[in-house]
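Visitor: A structural model of the following input is requested.
(one chain, ligands or ions: 1)
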Amino acid sequence: MSRKLRMGLVGGGPGAFIGPVHKMAAELDGKMELVAGAFSQSAERSRAAGVTFGIDPTRAYANYAEMFLAESKRPDGIDFVVIATPNHLHLPVTEAALAAGIAVMSDKPATATYDEVLKLQAAVAKAGLPYGLTHTYAGYSLVREARALCMGGKLGPIRKVAVEYLQGWLSRPLETTGQKQAAWRSDPAQNGPGGCIGDIGTHAFHLTEYVTGLKVTAINAQLRRVVPGRKLDDDCNALLRLEQGATGTLMASQIAAGERNRLVLRVYGENGSIEWHQEEPNTLGVKWLDGPEELRHAGGGYLGADALAVTRLPAGHPEGYIEAFAVLYREFADVLLAREAGNPAPLPETLPGIEAGVRGMRFIERTIESDRLSNWVEF
Ligand code: NAD
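Guide: Now for the predicted structure:
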């Protein structure tokens, strides 16, 4: 039986959103275990988080540099580190981890800026270590089903895509109230230059390319800062051109009052179309030009192999956000274990990695440039 992989976490301190989700997801399939962390920029809060997570107190470190130094010297040191901090730390933490010989699973966006992601790409290539990127939505079984339908040719040539990612939580100047998730996301120094396009637009962009298998080749985007005083975009409407003559629209907004986490993807081919709603992730709509409409359910035995491979429960027993995250972790664990067994291999195509990170940062950079020029820009 193979051992559990040892995980370190940077971020995820008291009150953090996504760090604890990473722990739950990574541990879901019993292949990994959180053993160490630098959970906060405050040593005291990092220690407090270590107690909450129930790890050995000597492995709740004051900062990430201390963690990488200490863990790389231990025979039972961490096998990989998860990065769940504000964006400006993604590059320095990843570089430090790779330099210490530690594999990385990072949250998106890969870095704060496009220049940074090019440095990161070089660092990942040089280190030759696995680097995964948690574009969570890639882990849903019905996203895998949609992908197989699009890329396997069932829908026919893809002609049109409509993707939208709408939230309402930044409809008012929440960042001025001390709410910490809003505060760093609205600060260009910690977030990078893309506001809602960086935070959620990158997910919409990734889902589009991931499901269709087509690259976006050009964008014509309009960005707005709707809330007075806000330093970064909080609303985006964009037209897309994709490979093979397809076109599309991408909407991302955090001022869409009343919306919670409305990520919706529609893809139209010559023969039919798919429609997936993140808030109802256990069904996938499939419509045919020459046939009746279908509603496919997660866990249905009739689904394709890609969807069934990442399904844990029978139909009618809903899986959600944590399970989707856990699919990415399971694929990452398999890469690390194969490597340990002397069979190093690249990440599977289903698991986002550094290329997805570069594409996401290019999307942000191109979107800002298009808005500045009020025109189309090529990728
Ligand atoms: P958050 O503000 O809730 O948490 C950030 C954590 O990082 C905090 O605990 C903070 O103390 C810690 N931190 C800050 N500086 C640190 C340092 N120097 N060393 C160690 N820890 C430090 O933010 P969040 O909402 O959890 O977002 C974190 C990252 O995850 C962002 O990059 C965000 O884009 C991404 N994210 C991804 C998803 C997804 O669906 N994949 C969802 C939410 C957030």
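
Visitor: bridge partners for the closest residue to E275 other than its chain neighbours, pull those for me.
Guide: Leaving aside its sequence neighbours, E275 sits nearest to G285 (Cβ to Cβ, 6 or more residues apart in numbering; 3.9 Å). C-beta here means a position set from N, CA and C on the backbone, and glycine is covered the same way. Per DSSP bridges, the residues bridged to G285 are E275, L295.

Visitor: ok, so what distance separates G285 from L9?
Guide: 37 Å (Cβ to Cβ, to the nearest Å).

Visitor: so which of those two has more stuff around it?
Guide: Taking neighbours as other Cβ atoms under 10 Å, G285 and L9 compare with L9 leading, 32 against 17.

Visitor: tell me which element the nearest residue to the more buried one once chain neighbours are set aside is part of?
Guide: Of all residues not flanking L9 in the chain, G37 sits nearest, at 4.1 Å (Cβ to Cβ, 6+ apart). Secondary-structure assignment from DSSP states H and E places G37 in strand 32-38.

Visitor: what do you get for L250?
Guide: strand 247-253.

Visitor: can that strand be found next to the ligand?
Guide: No - under the criterion of Cβ under 6 Å from any ligand atom, strand 247-253 makes no contact with the ligand; the nearest approach is 13.3 Å.

Visitor: verify the stated contact: the residue nearest to E275 with E294.
Guide: Yes - applying Cβ atoms under 8 Å as the test, G285 and E294 come out as touching, 7.4 Å apart.

Visitor: ok, which stretches of the stretch 251-379 of the chain are helices?
Guide: Secondary structure of the stretch 251-379 of the chain (DSSP state H, counting those that start in this stretch): helices at 305-309, 321-340, 354-373.

Visitor: okay, those in JSON lines with mean neighbour count and mean pLDDT next?
Guide: Converted to JSON lines, the helices of the stretch 251-379 of the chain look like this (neighbours: other Cβ atoms under 10 Å; pLDDT from 0 to 100):
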{"stretch": "helix 305-309", "mean neighbour count": "16", "mean pLDDT": "98"}
{"stretch": "helix 321-340", "mean neighbour count": "20", "mean pLDDT": "98"}
{"stretch": "helix 354-373", "mean neighbour count": "21", "mean pLDDT": "98"}
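
Visitor: SS state for the nearest residue to E116 once chain neighbours are set aside?
Guide: Of all residues not flanking E116 in the chain, L91 sits nearest, at 4.6 Å (Cβ to Cβ, 6+ apart). Following DSSP: H, G, I helix; E, B strand; the rest coil, L91 is assigned to helix.

Visitor: tell me who's in contact with L91.
Guide: Applying Cβ atoms under 8 Å, 6 or more residues apart in numbering, we find L91 in contact with T111, A112, E116, V117, K119, L120.

Visitor: what does the protein put close to the ligand?
Guide: 10-13, 16-19, 38-41, 64, 84-87, 89, 107-108, 134, 136, 180-181, 184, 199.

Visitor: can you say which of the residues you listed are buried?
Guide: With neighbours counted using 16 or more other Cβ atoms under 10 Å, the residues of the chain next to the ligand contain these buried positions: 10-13, 16, 18-19, 38-40, 64, 84-87, 89, 107-108, 134, 136, 181, 199.

Visitor: just for the stretch 1-150 of the chain, where's the confidence low?
Guide: Along the stretch 1-150 of the chain, the model assigns pLDDT under 70 to residues 1.

Visitor: rewinding a little: can you redo the contacts of L91 as TSV with neighbour count and secondary structure?
Guide: Output for those, formatted as TSV (neighbours: other Cβ atoms under 10 Å; DSSP: H, G, I helix; E, B strand; the rest coil):
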residue	neighbour count	secondary structure
T111	27	coil
A112	24	coil
E116	21	helix
V117	24	helix
K119	14	helix
L120	24	helix
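
Visitor: as JSON lines, the residues you listed with distance to Y321 would be great.
Guide: Formatted as JSON lines, those follow (distance: Cβ to Cβ, whole Å):
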{"residue": "T111", "distance to Y321": "24"}
{"residue": "A112", "distance to Y321": "25"}
{"residue": "E116", "distance to Y321": "27"}
{"residue": "V117", "distance to Y321": "25"}
{"residue": "K119", "distance to Y321": "31"}
{"residue": "L120", "distance to Y321": "26"}
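
Visitor: quick check, nearest of these to T212?
Guide: Of all these, V117 has the smallest distance to T212: 22.2 Å, by Cβ to Cβ.
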